[in-house]
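>>> What shape does this take:
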Amino acid sequence: MLTAACAFLLVLCALGGGYFLVVVPRRWRVPLREALALLEKEGNERTELETADRLLEEAVNAGPRGRDLADARFAHAFVRAMLGTFTPDQYWVASATVDGLAAAADEDPATAHLAVWLQYKLERHERAVELFQRHADSLTGRPAARRAAAASHLQLAGAHWRRRETDAAIRHFDRVRELGELTAEIPKAADSLHVLNGIQSHFDQRHTDARTAFGTARERAAALGRDTTEAELGLIACDWTVGVPNELDARLAQLFDRVTDVSKASAKEAKTAGADRAERTKDPAEEYRKQLRGVIALLRLVALLRVWRARPLSGELGARDRAELMERADTLREADPQLGDASLIEGLITYYFANGEEQREASLALLESGMRTAKGIVVPEVLHLVEKERALGSQGDAMSRFLRLVHELLADPTASAPHRAELRRLRDRFALYSDDLGGDLVLPHRPASPHELQQRINAMRRRIDLIVYPRLRDLPSDAPSHVLMRERLTELDDVALAFTEQAEALHHSELEILKATGELLLPQEELEDDDAAIAAPFTVEPSEPLGGVEATDDALGAADA
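Numbering: from 1, shown residues only. Okay, the predicted model is just below:
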């Protein structure tokens, strides 16, 4: 009996063991294997992922234990993460599952990898980089994990830069470089974020912040072995209004020489490597250095003017100063041939310090050449200066205008004999400079109206201004020649105004006497019919103050005619 009982217990234990060791595990192993078989396929469709999700949920609920349960839950979280592509809410469900797995198996690389990726997809970038940093030892060897962390660092860098948190943005960009993933996505300006921040601060008149940003940029570039030219240019800009001109000029010269030396070394290396000239020209780094040379050359040209401004007033530009001005202007033209600023500065300086008509003409030609460049001179005052100079002409043009005016006054039949004799003597004094204008002309005599007299005086003043401008433009306003011309023109204005008023009064008196005579001669009824026509005076424009160089184009046209 005892033997039978023992045998029964053994059979029962065997059946129980078989049930718990074979039947129960089969409940979760079968769906788990089927789900994993679906996941092994490439390019899973949504229906396949949903089927795998259902199978894995069945497997998890079937009661696996220990490592088997962890594997089933991880597979379930992975499938739900893939389903997030179609239904974003699944990312949150998968993240909750992974958080539980991470707490249970802190050092599992696969779980940590999935956690980082899910945080990136959920745009919780701070959490993503924190998880990667915590599991850096196990995740560094996984390119996909590094890529997810790098993507989060890029997002954080952009957010910090938009808030102008330059240091934080640069730290994230540096972290992307350390990870070695998505480095091509780093903006080219990332290395110059401090410089850009300094530029923005400088234009916002936050000079202290600008100086700090440029100083940090220089320190960072020096620590990384990079070029510090941009940062040093920014510091020069901060010192521009308060610095010593000679010191600023020396700093600019040092920068220009440095950039030039780097360009020469780069060209030599490219030539040694066999690159042709076209390839060297297309090099973006060399093109940028060329732009830097143009900027520094322009600043050096302007700095020279500030150095001169600090000197005592002398009113003279020495030969050495002229040579230095031309050298710096030529350097700027060589660095940027399409920029008109070199011609603008050199032309204006040499124009106002010209020692004769020849130098002045050369300065005007220089200004005109600057106006024809691609980035030409557009300063309205300079354009007006060139236009005025070309309109007024040289001293030779002034001489011709003067002699033609004398000749026309000689031809006026209303001029008295002594007046004409004085004009002839004046003409003879300029015989060496005059063209052959022929003998004295005699214009037909016709009484001039007040309006015509006004036009004549306006034209006279305009022509006098054209004649004397080349001689008086460089003299101070209180020079004797200026004072004499103003007095004579004022006298002409007064006499002309009085004469015009008398002529208008004479015409008015003549009209009144004619009207009175008509009243006596005409019958009463005809007088009434024609009264309106007789009463209307001839049109006489009111006399205006004489305008000097502001005379009308009509007056000038009448004078030239």
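>>> for the stretch 351-500 of the chain, what spans make up the helices?
Ranges of helices in the stretch 351-500 of the chain, per DSSP state H, counting those that start in this stretch, are 357-371, 380-392, 395-410, 417-429, 450-472, 480-521.
>>> Report all helices and strands that the second one contacts.
Put plainly, it is helix 380-392. In terms of contacts (3 or more CB pairs under 8 Å, 6 or more residues apart in numbering; DSSP states H and E), helix 380-392 is packed against helix 341-352, helix 357-371, helix 450-472. C-beta: built from backbone N, CA, C; applies to glycine.
>>> Of the helices of the stretch 351-500 of the chain, which is nearest residue 204?
helix 380-392 (28.0 Å; CB to CB).
>>> And the contacts of that closest one?
Contact partners of helix 380-392, identified using CB atoms under 8 Å, 6 or more residues apart in numbering, comprise 344, 348, 351, 360, 364, 367-368, 371, 377, 398, 466, 469-470.
>>> hang on, the earlier thing: okay, the helices and strands packed on helix 380-392, which one's buried deepest?
helix 341-352 (a mean of 22; mean count of other CB atoms under 10 Å).
>>> Could you list every helix and strand that that helix packs against?
Using 3+ CB pairs under 8 Å, 6+ apart, helix 341-352 is in contact with helix 284-309, helix 319-335, helix 357-371, helix 380-392.
>>> Now the ones you listed in JSON lines, please, with extra columns for mean pLDDT.
Formatted as JSON lines, the helices and strands packed on helix 341-352 follow (pLDDT from 0 to 100):
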{"stretch": "helix 284-309", "mean pLDDT": "89"}
{"stretch": "helix 319-335", "mean pLDDT": "92"}
{"stretch": "helix 357-371", "mean pLDDT": "86"}
{"stretch": "helix 380-392", "mean pLDDT": "79"}
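>>> Could you dump these into a markdown table and include distance to residue 250?
Listed next are those as a markdown table, based on distance: least, CB to CB, whole Å:
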| stretch | distance to residue 250 |
| --- | --- |
| helix 284-309 | 9 |
| helix 319-335 | 14 |
| helix 357-371 | 28 |
| helix 380-392 | 30 |
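>>> what's the least confident stretch among the helices and strands packed on helix 380-392?
Across the helices and strands packed on helix 380-392, helix 450-472 has the smallest mean pLDDT, namely a mean of 74.
>>> now that one against helix 357-371, angle please.
100 degrees (axes from the mean of the first three to the mean of the last three CA atoms, to 10 degrees).
>>> Could you export helix 450-472 as PDB, CA atoms only?
The C-alpha trace of helix 450-472 is given here as PDB (Å, rounded to 0.1, in the frame of the first residue of the first chain):
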ATOM      1  CA  PRO A 450       9.700 144.600 -66.400                       C
ATOM      2  CA  HIS A 451       9.500 140.800 -66.600                       C
ATOM      3  CA  GLU A 452      12.300 140.800 -69.200                       C
ATOM      4  CA  LEU A 453      14.400 143.100 -67.100                       C
ATOM      5  CA  GLN A 454      13.900 140.700 -64.200                       C
ATOM      6  CA  GLN A 455      15.000 137.700 -66.300                       C
ATOM      7  CA  ARG A 456      18.000 139.700 -67.500                       C
ATOM      8  CA  ILE A 457      19.200 140.400 -64.000                       C
ATOM      9  CA  ASN A 458      18.700 136.800 -62.900                       C
ATOM     10  CA  ALA A 459      20.600 135.600 -65.800                       C
ATOM     11  CA  MET A 460      23.400 138.100 -65.100                       C
ATOM     12  CA  ARG A 461      23.700 136.900 -61.500                       C
ATOM     13  CA  ARG A 462      23.700 133.200 -62.500                       C
ATOM     14  CA  ARG A 463      26.400 133.800 -65.100                       C
ATOM     15  CA  ILE A 464      28.500 135.800 -62.700                       C
ATOM     16  CA  ASP A 465      28.300 132.900 -60.200                       C
ATOM     17  CA  LEU A 466      29.500 130.500 -62.800                       C
ATOM     18  CA  ILE A 467      32.400 132.700 -63.700                       C
ATOM     19  CA  VAL A 468      33.700 133.400 -60.200                       C
ATOM     20  CA  TYR A 469      33.100 130.000 -58.600                       C
ATOM     21  CA  PRO A 470      36.400 128.400 -59.600                       C
ATOM     22  CA  ARG A 471      38.300 131.300 -58.000                       C
ATOM     23  CA  LEU A 472      36.200 131.800 -54.900                       C
END
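>>> what helices or strands is that helix leaning on?
Using 3+ CB pairs under 8 Å, 6+ apart: helix 450-472 touches helix 380-392, helix 395-410, helix 480-521, helix 553-560.
>>> could the helices and strands packed on helix 380-392 go into JSON lines alongside distance to residue 267?
As requested, these are exported to JSON lines (distance: least, CB to CB, whole Å):
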{"stretch": "helix 341-352", "distance to residue 267": "24"}
{"stretch": "helix 357-371", "distance to residue 267": "29"}
{"stretch": "helix 450-472", "distance to residue 267": "49"}
